[in-house]
Each structure stands twice: as C-alpha cells, then as structure tokens.
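Q: Return a 3D structure for these sequence lines:
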Amino acid sequence: MKTLRETLLVFDNQIRFTFRYKITIVLGMVQPVLYLLLFGPLLTKLGGLGSGNTWQTFVPGVLVYLALFGAGFCGFGIISDVRSGVIERMRVTPVSRFALLMGRVSREVAILLAQSVIIVSVGYLLGLRAAFLGILAAVVLVVLLGIALASLSLSLGVALKSEDQFAPLLTSAALPVMLLAGILLPMDLAPKWLDYLSHLNPLRYIVDAIRDLFADQFATRAVLEGTCVAAVLAVACVALGIRTFAKENA
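A: Predicted structure coming up:
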C-alpha cells in the first residue's frame, strides 16, 4: 500500500503539471485524428485490404503509433527535471524508486488511454466495426507497450541527461521501428525480404496481435505472440527503469 500511495502521489504531481500546458494536450489528441481523417481514406482503395477491413487494419496501427511517439518520447521531460534538480530533491525523500518511475509512467498511460478512446471513437464514425471485447483486449496490449516504451524512454533520459544526445538517438530508432512494425501498412504487403526483416522488430508482433483482436480473432498465433512480447517488454523495461533510477540516485 505504501508503494501504491507513493506512485499515486508522483502521478498526481505529474498529471497536474501536464494540465498546465493544455495546448500540448490538444495537439496530442488532434495529430492522431488527422492520421485517421487524411491518411485512412486512402487505404480504402488500396489493393489487398478491401474496404471492409480497412479501418480494422489502420486503427490498430495508429494506436501503436501513439504509444511509440507519445510514451516513447516522454524521456524529454525528465531531462529538464534532472537538470533543474527535481530528481535530486526527490532523491532525499523516502519515496521508492519504483514509485518515482511508475508515477511518471502512469501519466503517459493515462494520456495514451485518453487518446485511444478518441481514436477508436473517431474510427467508428469513419466506418470501423470491431467487437467491444476485442477492442478492450487490444487496449490492454497498447497499455503494456506504453508502459514498456515510457519506462525505456525515462531510463534513457535519466542516463543521458542531454536533449542533444537523446533526440537523435530516439528519432533515429523510432523511424525504422515504425516502418518495420507495419504500423501504417501491414507488412504482408511488403517484399519477402522486408517481411522477414520486420520479424526482428518486437512491435511487429504487437501490431499483428492488435489487428487480430480488432477482427474479433482471439485464438490466433499472432495474439499469443503479441501478448507474450508485450508482457516481456513491459517487465523488462520497468526492471531497467527501476535499476536506472536506483543507480542514478545512489
């Protein structure tokens, strides 16, 4: 209970800070909607997808995109906290390193959940049809991915302590990860060599699993693989984050 209270305390502090900059929240909500409105309709005429399952293919990709470029970039914020001494001041408190990490991660998850609700709602207006349980299970995978990426990003931010190092590292990694995950288009449409290469990307399995769930297909190999990958990534990245916070705050 003590750890939970500490985590909620850090979360409350972080979410209050977030609401000070309402324009950032608005932009964060609008950008993924623009992907649906301006890019999604192009896929309805793309061969190999068919109009019936276009949104079942594209909306899951947008949800993973939100996790990658939202939670995955949250480490920028902690760099300024390290430089301004916020982390140093929290170091002398009895708050656990787990709470320091997960309080911040929880903020990213809350934002990701809000964005996901908006994306799915807009998707329904545009023609998405998916079972509620499938969407719910898919959101669970998105949350696990968000936890993993946020933990990893915060770890890198604390370790590097510099936007000049953090930005090029993250942007250089995010683009190939996005393209090889099949976020915008299924990797089944890619040449065989590119499809094989994409299987080295953990996000590929998560994207495929979420698409199956949106299609109301639960008992598939893709769902099993994607769930396992998401869970392992979340546990591994949280463990790395706790270790990084403990090391930096030793």
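
Q: Only C-alpha atoms from now on, for both contacts and neighbour counts.
A: Will do.

Q: Val122 contacts Tyr35, correct?
A: No - if you go by CA atoms under 8 Å, Val122 and Tyr35 don't touch, sitting 10.9 Å apart.

Q: Spit out the residues that contact those two alike.
A: Common neighbours of Val122 and Tyr35 are not found (criterion: CA atoms under 8 Å, 6 or more residues apart in numbering).

Q: Can you tell me the element the residue nearest in space to the middle of the chain falls in?
A: Nearest to the mean C-alpha position of the chain, by CA atoms, centre = their mean, lies Ala67 at 1.8 Å. Assessed by DSSP states H and E, Ala67 sits inside helix 54-69.

Q: could you give me the average pLDDT of that helix?
A: If you average the pLDDT over helix 54-69, you get 91.

Q: just how off-centre is it within its chain?
A: The chain centre lies 10 Å from the centre of helix 54-69; the measure is CA atoms, centre = their mean, to the nearest Å.

Q: Could you look up the next helix or strand downstream of that helix?
A: helix 75-84.

Q: just the strands in the chain please.
A: Remark: no strands are assigned in the chain by DSSP state E.

Q: Tell me which helix or strand in it has the weakest average pLDDT.
A: For the chain, using mean pLDDT, DSSP states H and E, the weakest element among its helices and strands is helix 86-91, scoring a mean of 74.

Q: if I pick Leu66, what's in contact with it?
A: Residues in contact with Leu66 (CA under 8 Å, 6+ apart) are 32, 112, 115.

Q: Quick check, the second one in contact with Leu68.
A: I take that to be Leu112. No - checked against CA under 8 Å, the pair Leu112 and Leu68 is beyond contact range at 10.2 Å.

Q: can you list contacts of stretch 181-197?
A: Residues outside stretch 181-197 that contact it (CA under 8 Å, 6+ apart) are 48, 57-58, 60-62, 64-65, 180, 198, 201-205, 207.

Q: now do the same end-to-end measure for it.
A: 10 Å (CA to CA, to the nearest Å).

Q: Which parts of that stretch count as buried, going by neighbours?
A: Within stretch 181-197, the residues scored as buried using 16 or more other CA atoms under 10 Å are 181-187, 195.

Q: And for stretch 83-99?
A: In stretch 83-99, counting by 16+ other CA under 10 Å, buried: 87, 91, 95-99.

Q: measure that stretch end to end?
A: Start-to-end span of stretch 83-99 (CA to CA) is 20 Å.

Q: What of stretch 174-191?
A: End to end - CA to CA - stretch 174-191 spans 21 Å.

Q: quick check, distance from that stretch to the centre of its chain.
A: 16 Å.

Q: what does stretch 99-107 give?
A: With CA atoms, centre = their mean, you get 14 Å for stretch 99-107.

Q: Need the contact partners of that stretch.
A: With contacts defined as CA under 8 Å, 6+ apart, stretch 99-107 is touched by 3-4, 6-12, 14-15, 71, 147, 150-151, 154, 241-242, 245.

Q: How many neighbouring residues does the closest residue in space to the residue nearest to the centre of the chain that isn't next to it in sequence have?
A: Closest residue to Ala67 apart from its sequence neighbours, by CA to CA, 6 or more residues apart in numbering: Gly146 at 5.1 Å. As a burial measure, Gly146 scores 31 neighbours (other CA atoms under 10 Å).

Q: ok, now Leu126?
A: Quick note: Leu126 (other CA under 10 Å) scores 14 neighbours.

Q: Report pLDDT for it.
A: 86.

Q: what's the answer for Thr227, then?
A: At Thr227, the model reports a pLDDT of 97.

Q: Would you mind listing where this protein has pLDDT under the threshold?
A: The chain contains residues with pLDDT under 70 at 45-52, 91-92, 248-250.

Q: at 80 instead, please
A: 1, 18-29, 32, 40-53, 84-95, 246-250 (pLDDT under 80).

Q: And the helices in it?
A: In the chain, the helices defined using DSSP state H lie at 2-19, 22-34, 40-43, 54-69, 75-84, 86-91, 97-126, 132-160, 163-181, 192-198, 202-214, 221-248.
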